[in-house]
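A.B. asks: just to be clear, the model below is a prediction. Sequence and coordinates:
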Amino acid sequence: MEIRGDQRKMKQLAIVTGASSGIGKAVAKKFLELGYEAVLADRNPDRLRAAEEGFGAWKGRFTCCETDVADAGSIDALIVQVRRRKADFHVLVNCAGVFRGGLLHEAAAEDYDVQFDVNVKGTCLMMKAVLPLMLEAHGGSIVNVASVSGIRGDYNAPLYCASKGAVISLTRAAALDYMEKGIRINCVSPSATATPMFLSGTGDGVMRAFKEALPDHKIGLPEQVADAVVFLASPQAAHICGHNLPVDGGLTAWNGQPRQDKDA
Ligand SMILES: NC(=O)c1ccc[n+]([C@@H]2O[C@H](COP(=O)([O-])OP(=O)(O)OC[C@H]3O[C@@H](n4cnc5c(N)ncnc54)[C@H](O)[C@@H]3O)[C@@H](O)[C@H]2O)c1
């Protein structure tokens, strides 16, 4: 991704949640490579320490914060670290997320709470906390990580699908309210991506079924999602607002009907 001259003069800061693993870690790395400073938030202290060591090449350019995005007090502490960096332009990428599968009639109320507290309330609270900085700076860019599961349904995952549908809706509605203030809000919707969330507990049979179902027959890479995030956050996407960009190997292009050339 090209960085334009006018961008180089600004101190740009990427705030990334879920930054110690998977898509969030790949997003954080891309922004650091592009010369951004970064505040990396995650609630897992061990993985956060490992990410800090892994990003040693950029020491001094980023701060790691143990943060629970579902907790407003925890986010307040994160914002103190963000303000310390005194950036001219803020990018917020909401990657923190959890997956609770299972049939609805067997789900506990706690499953609902966890699913929505992290994926929906966490995204809302982070946006609410960072938007004032963007308003002060008369600009900014937010990219939320939703999912193809928020566009159409998945078997055995109604709570997850509902939470990601909410993220897409939140993105669209908030984008309208802040576009005139120079703040663009978009989201990406990955399909199956090779991260701990997808790989842990996914057996060979399910993996084969995913590859069969995806039109490009490939499990996505976190770096491919990160490329889409960086694009949406960049000035190259200046006229894109409230958009949901699937990063899905063509999955959402397919309406689910079988091939008609099968017997040919
Ligand atoms: N991997 C996939 O197949 C896939 C597909 C579509 C969408 N997504 C979405 O992408 C995002 C990133 O997922 P991933 O695949 O990289 O998963 P991951 O499990 O590798 O990373 C998620 C990170 O979020 C952090 N996190 C969870 N709850 C948190 C909280 N309350 N506060 C702060 N951090 C918290 C975890 O500690 C972890 O580091 C999620 O929103 C997920 O729903 C993933």
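C.D. replies: Done, it's in.

A.B. asks: how about the residues of the stretch 151-264 of the chain near the ligand?
C.D. replies: 190, 192, 193, 195, 196, 197, 198 (CB under 6 Å from any ligand atom). (Each C-beta comes from the backbone N, C-alpha and C, glycine too.)

A.B. asks: list the buried ones in stretch 103-119?
C.D. replies: Across stretch 103-119, burial judged by 16 or more other CB atoms under 10 Å covers 111, 112, 114, 115, 116, 117, 118, 119.

A.B. asks: and the helices in this protein, which stretches?
C.D. replies: 5-8, 22-33, 45-54, 72-84, 109-116, 122-136, 158-178, 196-199, 204-213, 222-233 (DSSP state H).

A.B. asks: can you put those in JSON lines and add mean pLDDT?
C.D. replies: Shown next, in JSON lines, are the helices of the chain (pLDDT from 0 to 100):
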{"stretch": "helix 5-8", "mean pLDDT": "54"}
{"stretch": "helix 22-33", "mean pLDDT": "98"}
{"stretch": "helix 45-54", "mean pLDDT": "97"}
{"stretch": "helix 72-84", "mean pLDDT": "98"}
{"stretch": "helix 109-116", "mean pLDDT": "98"}
{"stretch": "helix 122-136", "mean pLDDT": "98"}
{"stretch": "helix 158-178", "mean pLDDT": "98"}
{"stretch": "helix 196-199", "mean pLDDT": "95"}
{"stretch": "helix 204-213", "mean pLDDT": "95"}
{"stretch": "helix 222-233", "mean pLDDT": "98"}
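
A.B. asks: just those helices: most buried one?
C.D. replies: Comparing the helices of the chain by mean neighbour count (mean count of other CB atoms under 10 Å), helix 22-33 ranks first with a mean of 25.

A.B. asks: hmm, who's touching that helix?
C.D. replies: Contact partners of helix 22-33, identified using CB atoms under 8 Å, 6 or more residues apart in numbering, comprise 1, 14, 16-19, 38, 40, 42, 51, 54-55, 58, 61-62, 91, 93, 95-96, 145, 190, 193, 195-197, 221-223, 225-227, 229-230.

A.B. asks: residue 107 against residue 114, yeah?
C.D. replies: No - counting by CB atoms under 8 Å, residue 107 stays clear of residue 114, with 10.3 Å between them.

A.B. asks: joint contacts of those two?
C.D. replies: By CB under 8 Å, 6+ apart, residue 107 and residue 114 have these common neighbours: residue 100.

A.B. asks: my guess is residue 61 contacts residue 38, does it?
C.D. replies: Yes - Residue 61 lies in contact with residue 38 (CB under 8 Å); the separation is 6.8 Å.
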